[in-house]
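K.L.:
Give me the fold of what follows.
(one chain, ligands or ions: 2)
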Amino acid sequence: MKMSRYFLPILKETPADAQIVSHRLMLRAGMIRQASAGIYSWLPLGYRVLRRIEQIVHEEQIRAGHHPMLMPTLQSADLWRESGRYDDYGEEMLRITDRHGRDMLYGPTNEELITDIVRSSVHSYRDLPLTLYHVQWKFRDEIRPRFGVMRGREFLMKDGYNFDVDHQSAIHSYNRHLVSYLKTYERMGLKAIPMRAETGPIGGDHSHEFLVLADTGESGVFFDRRILDLNLGRRQVDYDDPDGCARIVDEWTSPYARTDETHDAAQFDAVPEDRRMSSRAIEVGQIFYFGTKYSEPMNATVVNAEGKQAFLHMGSHGIGVSRLAGAIIEASHDERGIVWPDSVAPFDVGIVNLRQGDGDTDAASQRIYNLAMSAGLDPLYDDRNERAGAKFATMDLIGLPWRVTVGPKGIRRGVVELTSRRTGETIELKPGDAINHIKGLPNEE
Ligand code: ATP
Ligand code: MG
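P.N.:
Numbering: from 1, shown residues only. Ligands and ions are numbered 1, 2, ... in the order given. All right, here's what the predicted structure looks like:
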């Protein structure tokens, strides 16, 4: 992408109404634009990040054996009356009446709709276990939308639903989700700690939230520092192995880790003092096992191995896809702007031409741009007629992992500079080798 043709409406001023750093940086970097309270347009740069986050979520869900699909945003109230939640859900639900006077709603979650789909097509234990999920916009009429995409009213969520014949099988589905979530957040460069949670209006008795530590988080958390050392890394996970998944879950859930809602001071005090930590944190996901809470009122059954009708055992599992864009920034920024982890960066490398219009720097910049694209990278080439300082400030603000700086003095000596956004470290390389270095390949020139 060439910056001269891109739509990147950078704000010079820090927006006064944005209280937290991720909100400020997303506005300043031209990632989002508020449409109305808690509702945002995703501008091209922000949309790139959102899509990359969503892609990682899909890859890890599919790897865990879960099937992507897409349900609508608008739902009929009838199903919610069946489950009893139409009245229970309260004012967070946006209720709509269509031209025929039918009650509709903008889905805040999808348990009813998915249960209806499954009960009409799945009749035997042989069709189970089954987990279906989608990544779709939700609406919750939050009383106080704030912090930009962190607490929106319309927001993008991955929500998945498992259907199992009995408790034991459903616990494996729960564990599979917990492990796949660990993997998902780790790939985004985040340390998201699973913590015992209350179940809230979704219901049930078995739940974990995933929390990213950040001063601006809305949850208070207490945990054993040991949990910060855990890492899945390159460990191969066999999602069809219940014992293997249960072992990983044990490993991650045995150190003390609770939110203020489930905190137990006596248990926390049993953790050695030098390992006791408390902090603020952002909830980026939650998983629930709730058994037959929806299948009973909605009469969703299968024939089990004994030939008897049995209510489906269910759980639901959510990831805050749009909130993650903000959470990643909260976890990874400095005073100059965003510092994207490679896996979710909107572009892989920025190319800064310090003297646009100079034949030599133009040619070298264009060459690096072409090399980046043929190496399968996504480059953003700042080919505008701007001062060097302004170009650097923009690149720092939008936080691409690498910057290649092409200037007339360097080109005379046959070199360009490659700078890491995270470490600030700069090295000189021959122009043809800048991209090799980013790809971890040996120099060629
Ligand atoms: P919260 O406690 O933050 O209101 P929740 O517990 O009501 O969230 P869940 O039903 O667990 O939300 O939804 C799954 C995920 O969706 C959450 O972990 C969070 O990451 C995300 N999410 C929930 N509400 C919002 C919102 N208003 N804006 C952005 N993301 C949200
Ligand atoms: Mg939650």
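K.L.:
nearest residue to Leu380 other than its sequence neighbours?
P.N.:
Nearest residue to Leu380 in three dimensions, chain neighbours excluded: Phe347, at 4.1 Å (Cβ to Cβ, 6 or more residues apart in numbering). Where C-beta positions appear, they are placed from N, C-alpha and C, glycine not excepted.
K.L.:
My read is that the one you found contacts Pro379, right?
P.N.:
Yes: Phe347 is within contact range of Pro379, at 6.3 Å (criterion: Cβ atoms under 8 Å).
K.L.:
if we can go back for a sec, ok, the residue nearest to Leu380 - how many residues close by?
P.N.:
Counted by other Cβ atoms under 10 Å, the residues lying close to Phe347 total 23.
K.L.:
Name the SS class of it, please.
P.N.:
Classification of Phe347 using DSSP: H, G, I helix; E, B strand; the rest coil returns coil.
K.L.:
Sketch out the low-pLDDT regions of the stretch 101-250 of the chain for me.
P.N.:
200-205 (pLDDT under 70).
K.L.:
Name whatever forms a beta bridge with the residue of it found nearest ligand 1.
P.N.:
Residue nearest to ligand 1 within the stretch 101-250 of the chain (Cβ to the nearest ligand atom): Phe155, separated by 3.6 Å. As for beta bridges, Phe155 partners with Lys138 under DSSP bridges.
K.L.:
Distance check, it against Gly320.
P.N.:
Computed as Cβ to Cβ, to the nearest Å, the Phe155 to Gly320 distance reads 7 Å.
K.L.:
Look at those two and report which has more neighbours.
P.N.:
Taking neighbours as other Cβ under 10 Å, Phe155 and Gly320 compare with Gly320 leading, 25 against 21.
K.L.:
hang on, that one packs against Glu218?
P.N.:
No: using Cβ under 8 Å, Gly320 is not in contact with Glu218, being 12.0 Å away.
K.L.:
any residues in contact with both of these two?
P.N.:
Counting by Cβ atoms under 8 Å, 6 or more residues apart in numbering, the contacts common to Gly320 and Glu218 are Glu283.
K.L.:
For the stretch 301-445 of the chain, which segments are assigned as strands?
P.N.:
For the stretch 301-445 of the chain, the strands defined by DSSP state E, counting those that start in this stretch occupy 301-303, 309-311, 313-320, 333-334, 337-338, 349-353, 379-382, 402-406, 416-420, 426-429.
K.L.:
of those strands, which approaches Ile282 most closely?
P.N.:
Closest of the strands of the stretch 301-445 of the chain to Ile282 is strand 313-320, at 8.7 Å (criterion: Cβ to Cβ).
K.L.:
How far does the closest one sit from its chain's centre?
P.N.:
How far strand 313-320 lies from its chain's middle: 15 Å, per Cα atoms, centre = their mean, to the nearest Å.
K.L.:
Count the residues that sit near Asp238.
P.N.:
Close neighbours of Asp238, defined as other Cβ under 10 Å, add up to 9.
K.L.:
That one in helix, strand or coil?
P.N.:
coil.
K.L.:
How about it, nearest residue that isn't a chain neighbour?
P.N.:
Nearest residue to Asp238, sequence neighbours excluded (Cβ to Cβ, 6+ apart): Gly244, at 5.3 Å.
K.L.:
what about the one you found, distance to Arg176?
P.N.:
Taking Cβ to Cβ, one finds Gly244 at 10 Å from Arg176.
K.L.:
Comparing these two, which shows the higher neighbour count?
P.N.:
Neighbours per residue (other Cβ under 10 Å) separate Gly244 from Arg176, with Arg176 holding more: 28 against 15.
K.L.:
Strands of the stretch 101-250 of the chain, start to end?
P.N.:
103-106, 130-139, 154-164, 192-196, 206-213, 219-224.
K.L.:
Just send the ones you listed back as CSV, with distance to Ala35 too.
P.N.:
Below are the strands of the stretch 101-250 of the chain laid out as CSV (distance: least, Cβ to Cβ, whole Å):
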stretch, distance to Ala35
strand 103-106, 15
strand 130-139, 13
strand 154-164, 9
strand 192-196, 29
strand 206-213, 26
strand 219-224, 27
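K.L.:
Nearest to ligand 1: which residue in the stretch 251-400 of the chain?
P.N.:
Closest point on the stretch 251-400 of the chain to ligand 1, by Cβ to the nearest ligand atom, is Gly320, at 2.2 Å.
K.L.:
so the closest residue to that residue other than its chain neighbours, which of the three states?
P.N.:
Nearest non-adjacent residue to Gly320, counting by Cβ to Cβ, 6+ apart: Val284, 5.4 Å away. Counting by three-state DSSP, the backbone at Val284 sits in strand.
K.L.:
can I assume Val284 is in contact with Phe210?
P.N.:
Yes: assessed by Cβ under 8 Å, Val284 is found in contact with Phe210 at 5.3 Å.
K.L.:
tell me, what's touching those two both at once?
P.N.:
Here Val284 and Phe210 have 185, 192 as joint contacts, going by Cβ under 8 Å, 6+ apart.
K.L.:
Quick check: which of the strands of the stretch 301-445 of the chain is nearest to Ala77?
P.N.:
Using Cβ to Cβ, the strands of the stretch 301-445 of the chain put strand 313-320 closest to Ala77, at 19.6 Å.
K.L.:
Can you pull up the residues of the chain that come close to ligand 1?
P.N.:
Residues of the chain that fall close to ligand 1, judged by Cβ under 6 Å from any ligand atom: 140, 142, 151-152, 155, 157, 200, 202, 283-286, 318, 320, 322-323.
K.L.:
could you flag which of those residues are buried?
P.N.:
140, 151-152, 155, 157, 202, 283-286, 318, 320, 322-323 (16 or more other Cβ atoms under 10 Å).
K.L.:
how about those residues in TSV, adding distance to His333?
P.N.:
Converted to TSV, those look like this (distance: Cβ to Cβ, whole Å):
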residue	distance to His333
Arg140	27
Arg151	19
Gly152	20
Phe155	21
Met157	24
Ile202	32
Glu283	19
Val284	16
Gly285	21
Gln286	25
Gly318	25
Gly320	19
Ser322	18
Arg323	16
